[in-house]
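Student: Sequence plus predicted model, see below.
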Amino acid sequence: MTIRFGSVCSGIEAASVAWNPLGWQAAWFSEIEPFPCAVLKHHFPDVPNLGDMKQIPEMLRTGQIEAPDILCGGTPCQSFSVAGKRKSLSDARGNLALTFCNIADEIDAVRFIHGRKPVLVFWENVPGVLSTPDNAFGCFLSELVGSEFPICAPEGKFSGAGLVIGRKRIAAWRTLDAQYFGTPQRRRRVFLMASDIAGGGANPAKILFEHQSLQWNYSQSEGKGENSPRRIDDCPKQNNQMNSGAIYRKGGFGMFEKSNVFGTLAATGGSEGGGSETLIVEK
């Protein structure tokens, strides 16, 4: 079966460049800026551009567009970036992160009616989203995983990687730097994946926290004070289950003992140099 994905804030469509060689197909794009729209029309003439992503939930409800296997996108980062005014969710651009969650829920509703597995979610943004005054990332996580209340991090800042579990989804995030992936620039971004809580889809923890991927990269940074990647082993277990189903703790996250989602997991702190502050290892 061919994997189909929907892309929001598509830009010039990096997702298609990465995934088309795998045989994955774009079901639709969502982009409003004139130049990227022209690029999309030129390179992907057969893929519809839906325009404003705020229209997508209604288009899904009315059956105008298909409910794809994957939802991906990097919603606008200007309101979260430390280089901007940091208006966060009060900025219409920042609030599109919550619209992204609504789209995921509508896709799941349609797929449920047709007896299909829930959507796999992939989202990207700047590290500044982890530390906004209004707890934007905690609100985003809460909407995405189905927690009753916004998820709050100690001291108002989420670590560079972690995992939460709610009544709807499990979500894992990790901060990665482009300089460790063959690109001659420092470009740190938060990457988040989420899937249904029943464990029927891909496991975000296993994908984002693949332990082996951290053993072979020992490149030292030229900059003073930068940390190099390192391997984390033999960490203590932490049980920290909250009534809402979300689990999080400073420096990382708790775990579900004998969970039907990912078995027994352990977490500990790590170095940002390899991409994250927290690593996860399956025992």
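Tutor: Good, I have the coordinates. Numbers count the residues shown, from 1 in each chain.
Student: so where is the chain shaky, pLDDT-wise?
Tutor: 80-88, 90-91, 94, 199-201, 210-283 (pLDDT under 70).
Student: which residues in it form strands?
Tutor: For the chain, applying DSSP state E gives strands covering 4-8, 25-30, 70-73, 120-125, 161-165, 169-177, 188-196, 265-269, 278-282.
Student: Relative to Ile107, tell me which of the ones you listed wins on proximity.
Tutor: strand 70-73 (6.0 Å; CB to CB). C-beta: built from backbone N, CA, C; applies to glycine.
Student: Just name the most buried of the strands of the chain.
Tutor: Of all those, strand 161-165 carries the top mean neighbour count, a mean of 29, counting by mean count of other CB atoms under 10 Å.
Student: Alpha carbons only: can I get it in CSV?
Tutor: Taking C-alpha atoms only, strand 161-165 is exported to CSV below (Å, rounded to 0.1, in the frame of the first residue of the first chain):
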residue,chain,number,x,y,z
ALA,A,161,13.8,16.2,24.0
GLY,A,162,11.0,14.3,25.8
LEU,A,163,7.8,12.3,25.6
VAL,A,164,4.2,12.6,26.7
ILE,A,165,1.3,10.3,26.6
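Student: what's the angle from that strand to strand 188-196?
Tutor: When axes from the mean of the first three to the mean of the last three CA atoms, to 10 degrees is applied, the directions of strand 161-165 and strand 188-196 differ by 20 degrees.
Student: partner strands of strand 161-165, parallel or antiparallel?
Tutor: If you go by DSSP bridges, strand 161-165 pairs up with strand 169-177 (antiparallel).
Student: which residues does the residue lying closest to Pro118 once chain neighbours are set aside form a beta bridge with?
Tutor: Computed as CB to CB, 6 or more residues apart in numbering, the closest residue to Pro118 that is not its neighbour in sequence is Asp196, at 3.8 Å. Beta bridges link Asp196 to Arg169, judged by DSSP bridges.
Student: residues touching Asp196, list them.
Tutor: Neighbouring residues of Asp196 by CB atoms under 8 Å, 6 or more residues apart in numbering: 108, 117-118, 168-170.
Student: Mind doing that once more with 10 Å?
Tutor: Asp196 is in contact with 108, 111, 117-121, 168-170, 202, 261, counting by CB atoms under 10 Å, 6 or more residues apart in numbering.
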